[in-house]
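Novice: Pasted the sequence and its predicted model underneath.
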Amino acid sequence: MIDIVFLAFIFYLLLLGLKRPFLWVLLYVYIDILAPQRIGYSLITSLPVSLIAFGAAFGGWLVLDRKEGARFSVRQGLMLTLLAYCWWTTGNADFPEPAATKWDWVWKALLFAIFLPFTLTTRARIEALALMLVLAVATIVIGTGMKTVLGGGGYENLKFFVNDNSGIYESSTLATVAIGLIPMIWWFTRYGTVFRPHWMLTGFAVALTFACLLVPIGTEARTGLLCIAALGVLLLRYTKRRLLFIAGAGLLGLAALPFLPQSYYNRMATLAAPGGDESASTRVAVWQWTLDYVAENPTGGGFDSYRGNRFSYVMPVKEVSGNTTSVTYSQVVDEGRAFHSAIFEVLGEQGWPGLLIWLTLHALGLWQMERIYRRWKGAEAEEEAWIAPFAAALQMSALIYIVGALFQGIAYQPVMLMLVGLQIGLNSYCARIDSARFLHDRSIRRRDAIVGKIRGAVAA
C-alpha cells in the first residue's frame, strides 16, 4: 500500500510538471531527501524514481521553463571547479572502488546544487524550495520526535523510516539538519505566502521546533547538542530582550533535565572528557593522521582515502569491583577510521586545493547573506520585507551546518548543498532587483536632464 501511495504522488507531480516544470525540481528535492524508494517494500524499490525526477528537473528547465533572470554566479563556478577536481582525484584515488561509490552520489549532489539557482528566479520559487526542504525533513523529524517521546530513543537504537545509517538518516546528520532548519521554520510563520501567517501555522511551527529539538535527544547525538548551543548564540543577535532570552533558555533547559534518560547524560559527558570515549579519541587520532598524510600528498588521496590510516592511542579502561573502581590505560591500535569532520574529510580526500575551494564557497555564502541582511533590513514594503529575515535564516542555517560539520564527514551533504543553491538564488534575485532599480533611477535622471535642457532652450 505504501508503495502505491508514493508512486501515485510522484506520478501526480510529474503530470503537474508538464504545465509547471519547476514542480519537477521540487519533486527531485523531495525524493532526494526522503528517499521513498528506500522506505517502500516492493515495486518502488525497483524503479529509478530518483533518476527519473533528476532527468525531469533538468530536462523540464531546458525545454519547457522560462529562463528569464537566470545567471551564472561565482559560487556556482566554485562548485563546478570542485566537481571537476573531485572527478580528477577520483580517477587517481588511493582506493578506486570505494572512491567510485562515493563519487556516484557526490557528483549528483554538486551538479544539482549548481543547477538549482538557475530555476530560482522568483520569490514564489525561492519560497517553494525552502518549504519543500522544511517539509521533507519534517516528515522524518516528526516521526523521530514521536518515537523519542514514546521511549524508542537511544544512541544507534532509534529507528527511522529506513534501517540504514547513512545520508540524512544518519543520526548526527539528521540532528544537524533538523536544528539548522529551525530559523527557516519560523520565517514561514511571518512571511510565508504559500501558507499565510495564521495561529494554526504558528502552532505547527512550535510543535515542529519541539520535534527538531528532540532529535539530538532521541539519537543521543553529541553534535546535535553543539548545534542547539550554536542556534541559541546566533539567536541573540536578533533578540531584543537578550537577558530574558538567556534566562528563558536556561529555565527551559533545567525543566527538561528530569525527563532525559541516564544514557543521554552519559553520552553527553564525553564532550567534557573526550579521552574517555573511543569515538572521540579516534577522531583526534584520525585528524592528526590526515595532517601527516596531506603533508606528503598535498592534492589528497581521493574519496575514502581514510581507509589507508593506521594509528594507536591510549584509552582508559574502568574496572569495578564492589565499591572500588580502578582505571588502567591500554594502547589501542586502529585503522580505516572515517574522518569524522568535513574539514578533514575534504582535506584528506581533495587536499589543500579542495579545502580552499570548499571553505571559500561557504565563506562567500555567509558574507553574501550578511550583505543582503544589512541591505534589506528595515524594508517595509510587503514584497521586500521578507528578504532580510530570509537571508538571516539562511545564514544561521549555514553556520549551524558548519558547526555540525566540524565533527561529521558531511562536506557534500545534499540538503546542505541545496541550501547553498538557495543562498545563490536569493543573492541573484536581490541583485536583479537592485539592477532594475538602478536602471529605473538612471532613466528618470536622464529624462529629467533632457526636460531641463528643453526648458532651458525654450526660456532662452
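Specialist: Okay, I see it. Numbers count the residues shown, from 1 in each chain.
Novice: Please enumerate the helices of the stretch 101-250 of the chain.
Specialist: Ranges of helices within the stretch 101-250 of the chain are 123-149, 171-180, 182-191, 199-219, 222-235, 242-256, based on DSSP state H, counting those that start in this stretch.
Novice: out of these, nearest to residue 114?
Specialist: helix 123-149 (14.8 Å; Cβ to Cβ). Placement of C-beta: from N, CA and C, glycine included.
Novice: can you put the helices of the stretch 101-250 of the chain in a markdown table and add mean neighbour count?
Specialist: Listed next are these as a markdown table, based on neighbours: other Cβ atoms under 10 Å:
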| stretch | mean neighbour count |
| --- | --- |
| helix 123-149 | 19 |
| helix 171-180 | 28 |
| helix 182-191 | 20 |
| helix 199-219 | 19 |
| helix 222-235 | 20 |
| helix 242-256 | 11 |
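Novice: With respect to residue 409, which of those helices lies nearest?
Specialist: Nearest to residue 409, of all the helices of the stretch 101-250 of the chain, is helix 171-180, at 9.4 Å by Cβ to Cβ.
Novice: other SSEs contacting that closest one?
Specialist: helix 123-149, helix 199-219, helix 222-235, helix 387-405, helix 414-459 (3 or more Cβ pairs under 8 Å, 6 or more residues apart in numbering; DSSP states H and E).
Novice: Among those helices, show the one with the smallest mean pLDDT.
Specialist: If the helices and strands packed on helix 171-180 are sorted by mean pLDDT, helix 414-459 sits at the bottom with a mean of 77.
Novice: thinking again about what came up before, output the helices of the stretch 101-250 of the chain as TSV; include the columns distance to residue 426.
Specialist: Below are the helices of the stretch 101-250 of the chain laid out as TSV (distance: least, Cβ to Cβ, whole Å):
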stretch	distance to residue 426
helix 123-149	6
helix 171-180	16
helix 182-191	12
helix 199-219	21
helix 222-235	18
helix 242-256	27
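Novice: closest to residue 383 out of those helices?
Specialist: In terms of Cβ to Cβ, the element of the helices of the stretch 101-250 of the chain nearest to residue 383 is helix 123-149, at 7.4 Å.
Novice: so what does the closest one touch, helix or strand wise?
Specialist: helix 22-34, helix 171-180, helix 182-191, helix 199-219, helix 414-459.
Novice: Packing partners of the first one?
Specialist: Going back to what we said before, that points to helix 22-34. By 3+ Cβ pairs under 8 Å, 6+ apart, helix 22-34 packs against helix 2-16, helix 49-63, helix 96-119, helix 123-149, helix 414-459.
Novice: Mind checking what helix or strand follows it in sequence?
Specialist: helix 36-39 (DSSP states H and E).
Novice: Which elements pack onto that next one?
Specialist: helix 2-16, helix 49-63.
Novice: what about the next helix or strand after the last one, average pLDDT?
Specialist: So that's helix 49-63. Using DSSP H and E, the helix or strand that follows helix 49-63 in sequence is helix 74-91. Model confidence over helix 74-91 averages 96 on the pLDDT scale.
Novice: quick one: helix 74-91 to helix 96-119, angle?
Specialist: 160 degrees (axes from the mean of the first three to the mean of the last three Cα atoms, to 10 degrees).
Novice: Buried ones in helix 74-91, by neighbour count?
Specialist: For helix 74-91, the neighbour count (16 or more other Cβ atoms under 10 Å) marks 75, 76, 78, 79, 82, 83, 85, 86, 89, 90 as buried.
Novice: Residues contacting it, please?
Specialist: By Cβ atoms under 8 Å, 6 or more residues apart in numbering, the surrounding residues in contact with helix 74-91 are 99-100, 103, 106-107, 110-111, 113-114, 117, 299-303, 349-351, 353-354, 357-358, 360-361, 364-365, 368, 417, 420, 423-424.
Novice: pull the CA atoms of that helix into PDB?
Specialist: Output in PDB follows, covering the C-alpha atoms of helix 74-91 (Å, rounded to 0.1, in the frame of the first residue of the first chain):
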ATOM      1  CA  VAL A  74      30.900  32.900  -8.700                       C
ATOM      2  CA  ARG A  75      29.800  30.300  -6.200                       C
ATOM      3  CA  GLN A  76      28.400  28.100  -8.900                       C
ATOM      4  CA  GLY A  77      31.800  28.400 -10.600                       C
ATOM      5  CA  LEU A  78      33.400  27.300  -7.300                       C
ATOM      6  CA  MET A  79      31.100  24.300  -7.100                       C
ATOM      7  CA  LEU A  80      31.800  23.500 -10.800                       C
ATOM      8  CA  THR A  81      35.600  23.700 -10.100                       C
ATOM      9  CA  LEU A  82      35.200  21.400  -7.000                       C
ATOM     10  CA  LEU A  83      33.200  19.000  -9.100                       C
ATOM     11  CA  ALA A  84      35.900  18.800 -11.700                       C
ATOM     12  CA  TYR A  85      38.600  18.500  -9.100                       C
ATOM     13  CA  CYS A  86      36.700  15.700  -7.400                       C
ATOM     14  CA  TRP A  87      36.400  13.900 -10.700                       C
ATOM     15  CA  TRP A  88      40.200  14.100 -11.100                       C
ATOM     16  CA  THR A  89      41.000  12.900  -7.600                       C
ATOM     17  CA  THR A  90      38.600  10.000  -8.100                       C
ATOM     18  CA  GLY A  91      40.500   8.900 -11.200                       C
END
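Novice: quick one on the thing from earlier: using JSON lines, please lay out the helices and strands packed on helix 171-180 together with distance to residue 8.
Specialist: What follows is these, written out as JSON lines (distance: least, Cβ to Cβ, whole Å):
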{"stretch": "helix 123-149", "distance to residue 8": "17"}
{"stretch": "helix 199-219", "distance to residue 8": "25"}
{"stretch": "helix 222-235", "distance to residue 8": "35"}
{"stretch": "helix 387-405", "distance to residue 8": "32"}
{"stretch": "helix 414-459", "distance to residue 8": "25"}
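Novice: what's the closest of those helices to residue 175?
Specialist: helix 222-235 (3.1 Å).
Novice: can you give me the angle that closest one makes with helix 387-405?
Specialist: Using the same axes, to 10 degrees: helix 222-235 against helix 387-405 is 150 degrees.
Novice: and the angle from whichever strand or helix holds residue 348 to helix 74-91?
Specialist: For residue 348, the host element (DSSP H and E) is helix 342-376. Angle between the axes of helix 342-376 and helix 74-91 is 170 degrees (criterion: the same axes, to 10 degrees).
Novice: what mean pLDDT does helix 342-376 have?
Specialist: Here helix 342-376 scores 95 as its mean pLDDT.
Novice: Any buried residues in that helix, and which?
Specialist: 342-351, 353-355, 357-358, 361-362, 364-365, 368-369, 372-373, 376.
Novice: What's the separation between residue 203 and residue 210?
Specialist: Residue 203 sits 11 Å away from residue 210, going by Cβ to Cβ, to the nearest Å.
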